[in-house]
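Q: sequence and predicted structure, then a few things I'm wondering about:
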Amino acid sequence: MSIKAIRIEKQGGPEVMELRDIELPPPGKGELRLRHTAIGLNFIDTYHRSGLYPVKLPSGLGMEAAGIVEALGEGVTDFRIGDRVAYGSGPIGAYAEANNVPAGRAAKIPDGVSDEAAAAMMLKGITAQFLLRQTFKVSKGDTILWHAAAGGVGLIATQWAKFLGCTVIGTVGSDDKVAIARAHGCDHVINYRTENVVERVKEITGGKKLPVVYDGVGKDTFLTSLDCLRPRGLLVSFGNASGPVTGVDLGILAAKGSLFVTRPTMFHYTATEAEFKAVAQDLFDVVAKGGVKIEINQRYKLADAAQAHRDLEARKTTGATVLVP
């Protein structure tokens, strides 16, 4: 069948993205065909487009979406035509009117969760789940720091951490985002453009500093993150919004307190179908309980995906953004 989809022939800036007519084959063995109703926008999409994370060209873009099941491939028994379904870990190609998706990487959307919310929360929410519940399992009474607290993952994760009983410190880059972060679970919000993050963390914690820092920013915040950790603390470096961290002298970890650093990815925490389904269920459960609210703050037409990327990279967006086919 013929559909419209965003494609790239080369990697580069937003201008390499083109809306084209492509042929989508029937779903293969173990796959669903979803007619998309909403598509999630994520920073990883810009990495695939720019070449920071290389992809085989030509390529589609986008890792998550929600939609209606239109066709079932051979062997699929857990879904029916007409089911509302979302996915959040690929395959790449969500920036399209429809996509074929492995049934083992898809989840039925529960009643009470909209298609837009599901599309906007799957990748970001699954990321928040494995970071908070597995990479470092936060507990009631923990004080944690989350960089870019007003971003897509940040707004989900800080609400979730607060729901779990943490004291949450968030960093943001503007006064407008201070208010947004405070409204989404942050007990303390630091504007890194006008305040010294390390000094504020020492002040908030009475000099004890933190057991864990979650850092999706990368190069610009790496050393700051290390300096916010108490001895034997863990830096969870999970993104590269400012560029990748390179050229690290491991001796710095000893000098700053026998620190730990991990660079987790969703793939390794949802490698099996059972792991993916469990993580997705945990996410849907916390949303259903009201612990995490998903707010769609920006909507773009699929044809305007390049502008959505420009706004995301310019830090003009807050919270969740969806593309509408």
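A: Thanks, I have the structure now.
Q: which stretches of the stretch 51-200 of the chain form strands?
A: 65-72, 84-87, 98-102, 106-108, 143-146, 167-172, 188-191 (DSSP state E, counting those that start in this stretch).
Q: quick one: contacts for Leu164?
A: 132, 138-140 (Cβ atoms under 8 Å, 6 or more residues apart in numbering). No exception for glycine: its C-beta is placed from N, CA and C like everyone else's.
Q: among the residues you listed, who's most crowded?
A: Highest neighbour count within these: Leu132, with 26 neighbours (other Cβ atoms under 10 Å).
Q: you'd agree it is up against Thr158?
A: No. Applying Cβ atoms under 8 Å as the test, Leu132 and Thr158 come out as separate, 9.8 Å apart.
Q: for Thr46, see how far away the residue lying closest to Asp220 once chain neighbours are set aside is.
A: Excluding its sequence neighbours, the residue lying closest to Asp220 (Cβ to Cβ, 6 or more residues apart in numbering) is Ser242, at 3.8 Å. Ser242 is 12 Å from Thr46, where distance means Cβ to Cβ, to the nearest Å.
Q: same deal with Gly60?
A: Applying Cβ to Cβ to Gly60 and Thr46 gives a distance of 14 Å.
Q: now do Ile22
A: Applying Cβ to Cβ to Ile22 and Thr46 gives a distance of 21 Å.
Q: endpoints of stretch 237-251, how far apart?
A: Length of stretch 237-251, first residue to last, Cα to Cα, to the nearest Å: 18 Å.
Q: nearest to Arg263 among the contacts of Leu164?
A: Leu132 (16.5 Å; Cβ to Cβ).
Q: how many residues are close by Ala161?
A: 27.
Q: swap in the one 4 residues further on?
A: Counted with other Cβ under 10 Å, residues neighbouring Gly165 total 11.
Q: over to Met266?
A: 21.
Q: now Ile44
A: 22.
Q: hmm, it is touching Tyr53, no?
A: Yes. Applying Cβ under 8 Å as the test, Ile44 and Tyr53 come out as touching, 6.9 Å apart.
Q: so between Ser242 and Thr46, which is more surrounded?
A: Thr46 (21 against 16).
Q: quickly find the element holding the more buried one.
A: helix 43-50 (DSSP states H and E).
Q: helices or strands next to that helix in the packing?
A: Applying 3 or more Cβ pairs under 8 Å, 6 or more residues apart in numbering; DSSP states H and E, one finds that helix 43-50 makes contact with helix 305-313.
Q: helix or strand next in line after the helix it packs on, which one?
A: That would be, after helix 305-313 and using DSSP H and E, strand 320-324.
Q: buried sites along that following strand?
A: Going by neighbour count (16 or more other Cβ atoms under 10 Å), the buried part of strand 320-324 is 320-323.
Q: closest one of the residues you listed to Tyr300?
A: Nearest to Tyr300 among the buried residues of strand 320-324, with distances taken as Cβ to Cβ, is Leu323, at 5.4 Å.
Q: which non-adjacent residue is nearest the closest one?
A: Leu323's closest residue in space is Ile39 (Cβ to Cβ, 6+ apart), at 4.1 Å.
Q: count of neighbours near that neighbour?
A: So Ile39, with other Cβ under 10 Å, has 31 neighbours.
Q: so it bridges to which residues?
A: Ala65, Leu323 (DSSP bridges).
Q: hey, what's Arg33 bridged with?
A: Ala71, Asn100.
Q: for it, give me its contacts.
A: Per Cβ under 8 Å, 6+ apart, neighbours of Arg33: 24, 26-27, 69-73, 98-101.
Q: surely Ala303 touches Met17?
A: No. Using Cβ under 8 Å, Ala303 is not in contact with Met17, being 10.0 Å away.
Q: overlap in contacts, the two.
A: With Cβ under 8 Å, 6+ apart, Ala303 and Met17 have no common neighbours.
Q: more neighbours, those two?
A: Shown here are Ala303 and Met17; by other Cβ under 10 Å, Met17 has more neighbours (22 against 14).
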